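Enquirer: predicted model and sequence follow; I will ask about them next.
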Amino acid sequence: MIQFSEAQPLIEALEGNEFAFVPTMGNLHLGHLSLIRTAKGLDIPVVCSILVNKLQFGANEDFDSYPRTLSADLDALKELDCDYVFTPNNDLYHDIDELKCAPELSQILCGKSRPIFFDGIITILNWFFNTLKPHHVFMGEKDFQQLFIVKNFVTKRHPDITIHGVPTVREPSGLAMSSRNNLLSEDLRSHAAKFYQMLKESVDLFPDTPIPQIQKQFKSMILVAGFEYDYFEIFDKLDITNCNPTSKPIVAASAVTLEGVRLIDNIIVDF
């Protein structure tokens, strides 16, 4: 495994060959490592980037407290035989083109409470895509709205790139793996698993129960359990703007906060 902090030497090492790209913000867990393993299945070089992207954090969000564990991350990637690791420094922000997402996609769901979040993601990914020119990009389905927005963006701006969604990896309790889980105490982490259980109970009510009623019941359960509620939506898997689907495939997605730690999760129902 070779680590690069500048793009040009990495580009030269790739020699124009087809490769897979896994963008991350570090603090790697088994979910991230699943992306690497899946990418390795293509039998082409794999590049993993590690950058805590400041552009996607709004005021009073957790940029400063976001866990940074570069040494452990490099050890984990080396063990998986990741080919290249790209750890760019903040100089890249000096000449980056800041982009805006389509508001009909970015200002709903998570975007309601994080209005610049997806703009920051698209901006940094556009820089990576223009600079490195990957052929395949692997991203997790846990961030379903992000995955949908990136697929939409790539179709329009980078049609030569294939985006691969990889299923969510969960802790034994059912809690979706996330770097932010490390900000929870052991007791809170155990309590946080109730989020997924309540999400499962709610999605099982569809389509027999009207969506507004499901939302009302979910919000009540979340608040009683001591979480702060952000949103819960059931939407068409193929069109996240359709929050009144009548049939599957659908996605039930939610965001909540537990003791200051934001948690997101979703359940995809194809059948």
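Expert: Sure thing, it's come through.
Enquirer: what helix or strand does the residue lying closest to I222 once chain neighbours are set aside sit in?
Expert: Among residues not flanking I222 along the chain, Y229 sits closest, at 5.0 Å (C-beta to C-beta, 6 or more residues apart in numbering). Glycine gets a C-beta too; all of them are placed from N, C-alpha and C. Using DSSP states H and E, Y229 falls within strand 228-236.
Enquirer: helices or strands up against that strand?
Expert: Where contact means 3 or more C-beta pairs under 8 Å, 6 or more residues apart in numbering; DSSP states H and E, strand 228-236 is packed against helix 186-203, helix 211-224, strand 250-258.
Enquirer: need the winner for burial among these.
Expert: Stretch with highest mean neighbour count among the helices and strands packed on strand 228-236: strand 250-258 (a mean of 23; mean count of other C-beta atoms under 10 Å).
Enquirer: report the distance from that strand to the chain centre.
Expert: What separates the centre of strand 250-258 from the centre of its chain is 13 Å, taken as C-alpha atoms, centre = their mean, to the nearest Å.
Enquirer: and that strand with helix 211-224, angle?
Expert: In terms of direction (axes from the mean of the first three to the mean of the last three C-alpha atoms, to 10 degrees), strand 250-258 departs from helix 211-224 by 20 degrees.
Enquirer: parallel or antiparallel, which strands does strand 250-258 pair with?
Expert: With DSSP bridges as the test, strand 250-258 is paired with strand 228-236 (antiparallel), strand 261-269 (antiparallel).
Enquirer: pLDDT on that strand, on average?
Expert: The pLDDT scores in strand 250-258 average 98.
Enquirer: touching that strand from outside, list them.
Expert: Identification of contacts with strand 250-258 by C-beta atoms under 8 Å, 6 or more residues apart in numbering yields 109-110, 113, 144-145, 184, 188, 191-192, 195, 199, 202-203, 206, 218, 222, 226-237, 240, 262-269.
Enquirer: one more pass at 7 Å, please.
Expert: Strand 250-258 is touched from outside by 109-110, 144, 184, 188, 191-192, 195, 199, 202-203, 206, 222, 227-237, 262-269, with contacts defined as C-beta atoms under 7 Å, 6 or more residues apart in numbering.
Enquirer: same question for stretch 187-195.
Expert: With contact meaning C-beta under 7 Å, 6+ apart, stretch 187-195 is reached by 173-175, 181, 184, 225, 227, 256, 258-259, 263, 265.
Enquirer: now the strand holding Y229: buried residues?
Expert: By neighbour count on 16 or more other C-beta atoms under 10 Å, the buried set for strand 228-236 is 230-236.
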